[in-house]
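S.K.: Predicted model, plus sequence, below.
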Amino acid sequence: MPPPELVRGKTDDVFSDFALLYTVHSNCTSVISMENSRRNILNHIVSLIFSLAQNLRSSIGSKSSGAPVSAPAAVETAFSDEDKERVLEENLLLNPNDVGALRSLMEMKIQSRKIAKAIGIIDRLMEIDPSDTEWPLLKSHLYAYSGEVETAKNGFNEILAKDPFRAEAYHGLVMAASKSKSTQDLMEIEKRIEEGMKLCKKQGKKAEFRDFKLLEAQIRVIEGKHDEALKVYQELVKEEPRDFRPYICQGIIYTLLRKNNEAEKNFEKFRRLVPKGHPYATYFDETMIATKVFAQKMENEIAMSKK
């Protein structure tokens, strides 16, 4: 069985859904060049894996409900998306502090790419419960997704000022640097991550240290150093062979590098280790569909370039 810290978490984390949307959208809309295509795809897919991993080991003591938040069943089956949004908005006029309705409406706004409205709802959720640390994180990620990179960076840095071990915020900075194509920013973030790793070692924070190592691997992916990224994942496997996260990361990289045998070996280890019914398994199929589509797209472009 995997270590306890790897099987805890919220099954309804909206950021996991957003991360998948972000990954697919980013890869479908990014400008493709021969060398950057593979790098961008790998970066976004590994970013998705990191995001899911972080949310799956969120603290057990979270105030969020363990059950998915959704609109009432009648709304789900009888109305269009526009109708569902209208029903939720009407409900909120009567009950402006209905957290469940706010979360459901926020999810719908994200899915329909109405990012500014989703951010407005997050602001309301933050007013209702200022102690919930997930909302500032999601808000900053949404800013990054919508192209407001500097605003996103400010948000992530504010989070880190309060919690220097918050790997998800560092992950956001890494993605912001990648989006803005700033090599200097990426180098500075890497230095901060290295300092964080030293502090984790000193204070015996093993889980946080592994999170920083996952970030280190993602930076190697952004730099196009796939062999070095794989080496980091292999180190993580050696340190804790029951952690299924490095296996799926390696499998995805090998898939995109067209090394299918190596990919399948790692996916098999992942399938064997991930607990049945675990949220991570739910996202695996969707992630692999996206990975295979992008890998085929990249292969087609290479073939076209040789003509």
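M.R.: Arrived safely, thanks for sending.

S.K.: Okay, buried residues for whichever strand or helix holds residue 93 please.
M.R.: In this structure, residue 93 is located in helix 81-94 according to DSSP states H and E. Of the residues in helix 81-94, those scored as buried under the neighbour-count criterion (16 or more other CB atoms under 10 Å) are 84-85, 87-88, 91-92. Placement of C-beta: from N, CA and C, glycine included.

S.K.: Report pLDDT for residue 93.
M.R.: On pLDDT, residue 93 comes in at 89.

S.K.: Counting by contacts, list what the helix or strand harbouring residue 150 packs against.
M.R.: Residue 150 is part of helix 149-162 when elements are defined by DSSP H and E. Based on contacts counted as 3 or more CB pairs under 8 Å, 6 or more residues apart in numbering; DSSP states H and E, the elements that helix 149-162 packs against are helix 134-145, helix 167-179.

S.K.: Between the buried residues of helix 81-94, which sits nearest residue 219?
M.R.: Each of those was scored against residue 219 by CB to CB, and residue 85 proved nearest at 38.4 Å.

S.K.: Isn't that closest one up against residue 107?
M.R.: No - look at residue 85 against residue 107 with CB atoms under 8 Å: they stay out of range, at 10.5 Å.

S.K.: which sections of the stretch 201-307 of the chain are below the confidence cut-off?
M.R.: Segments of the stretch 201-307 of the chain classed as low confidence (criterion: pLDDT under 70) are 277-307.

S.K.: do that again at 90, thanks
M.R.: Confidence mapping of the stretch 201-307 of the chain against pLDDT under 90 gives the ranges 218, 221-224, 243-245, 248-249, 251-253, 255-258, 260, 267, 270-307.

S.K.: which stretches of the stretch 51-200 of the chain aren't confidently modelled?
M.R.: Under the criterion pLDDT under 90, the flagged ranges of the stretch 51-200 of the chain are 51-93, 107-108, 110-113, 133-134, 144-147, 167-168, 171, 175-186.

S.K.: hmm, try it at 50
M.R.: 52-77 (pLDDT under 50).

S.K.: Would you confirm that residue 274 contacts residue 245?
M.R.: No - here residue 274 does not reach residue 245: they are 9.4 Å apart, not a contact under CB under 8 Å.

S.K.: Please identify which of these two sits among more neighbours.
M.R.: Between residue 274 and residue 245, residue 245 has the larger neighbour count (other CB atoms under 10 Å), namely 27 against 21.

S.K.: Which helix or strand contains residue 130?
M.R.: Counting by DSSP H and E, residue 130 is held by no secondary-structure element, helix or strand.

S.K.: Check residue 110 too.
M.R.: Counting by DSSP H and E, the element that carries residue 110 is helix 99-111.

S.K.: Just want the angle from that helix to helix 81-94.
M.R.: What separates the directions of helix 99-111 and helix 81-94 is an angle of 140 degrees, with axes from the mean of the first three to the mean of the last three CA atoms, to 10 degrees.

S.K.: Mind checking what helix or strand follows helix 99-111 in sequence?
M.R.: On the C-terminal side of helix 99-111, the closest following helix or strand by DSSP H and E is helix 115-128.

S.K.: just checking, what packs against that next one?
M.R.: With contacts defined as 3+ CB pairs under 8 Å, 6+ apart, helix 115-128 has these neighbours: helix 99-111, helix 134-145.

S.K.: which stretches of the stretch 201-307 of the chain form helices?
M.R.: With DSSP state H, counting those that start in this stretch, the ranges of helices along the stretch 201-307 of the chain come out as 206-222, 226-239, 245-256, 260-273, 279-305.
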